[in-house]
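*Asks:* here's a sequence, model it:
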Amino acid sequence: MKAVWHGQVIAESDRTLEVGGYRYFPRDSVRMDLLRMVPKSASDLECPHGVQFYDVTDGATATKRAAWSYEAPQPKMKPVDHWMGFWEDVEIG
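*Replies:* Residues are numbered from 1 along each chain as shown. Alright, predicted model coming up:
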């Protein structure tokens, strides 16, 4: 599986997991150099899984909050603890 953003492969792995309708990639398969951690919003702070959002950016272009990770997941999300999920302009396939 690949996560592609504006023609760039930002994650690639044969160990992805689907949980809750989203595909998650192991962190070591993600180009973290293309992700920028964003401050948590009030609703982020209410998330029981400790969500952390990231902008996807190459320095010239950015898609806000297009990636996330659960940093303190409850049992349902434990299989993807610190793995990365994507949406918005990121194509998964």
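*Asks:* am I right that residue 78 is in a strand?
*Replies:* No: assigned with DSSP: H, G, I helix; E, B strand; the rest coil, residue 78 falls outside any strand and is helix.
*Asks:* switch to numbering from 39
*Replies:* Sure thing, new numbering starts at 39, so read that last one as residue 116.
*Asks:* that one - how many residues pack around it?
*Replies:* 11 (other Cβ atoms under 10 Å). (C-beta placed from N, C-alpha, C; glycine too.)
*Asks:* what about the helices in the protein?
*Replies:* For the chain, helices defined by DSSP state H occupy the ranges 80-84.
*Asks:* which stretches in it count as strands?
*Replies:* With DSSP state E as the criterion, the chain has strands at 40-43, 46-50, 55-57, 60-63, 73-75, 89-95, 100-108, 122-124, 128-130.
*Asks:* which one of those strands is the most hemmed in?
*Replies:* strand 122-124 (a mean of 26; mean count of other Cβ atoms under 10 Å).
*Asks:* check the offset of that one from the chain's centre.
*Replies:* 2 Å (Cα atoms, centre = their mean, to the nearest Å).
*Asks:* could you do stretch 48-65 as well?
*Replies:* With Cα atoms, centre = their mean, you get 9 Å for stretch 48-65.
*Asks:* cool, stretch 52-68 as well?
*Replies:* On Cα atoms, centre = their mean, the centre of stretch 52-68 falls 9 Å from the chain's centre.
*Asks:* what does it rub up against?
*Replies:* 39, 41, 48-51, 105, 107, 114-115, 117-118, 120-125, 130 (Cβ atoms under 8 Å, 6 or more residues apart in numbering).
*Asks:* compare the strands of the chain and report which one is nearest to residue 81.
*Replies:* strand 89-95 (9.0 Å; Cβ to Cβ).
*Asks:* if I look at the residue nearest to residue 69 when sequence neighbours are not counted, how far off is residue 97?
*Replies:* Nearest non-adjacent residue to residue 69, counting by Cβ to Cβ, 6 or more residues apart in numbering: residue 48, 4.9 Å away. As for residue 48, its distance to residue 97 is 14 Å (criterion: Cβ to Cβ, to the nearest Å).
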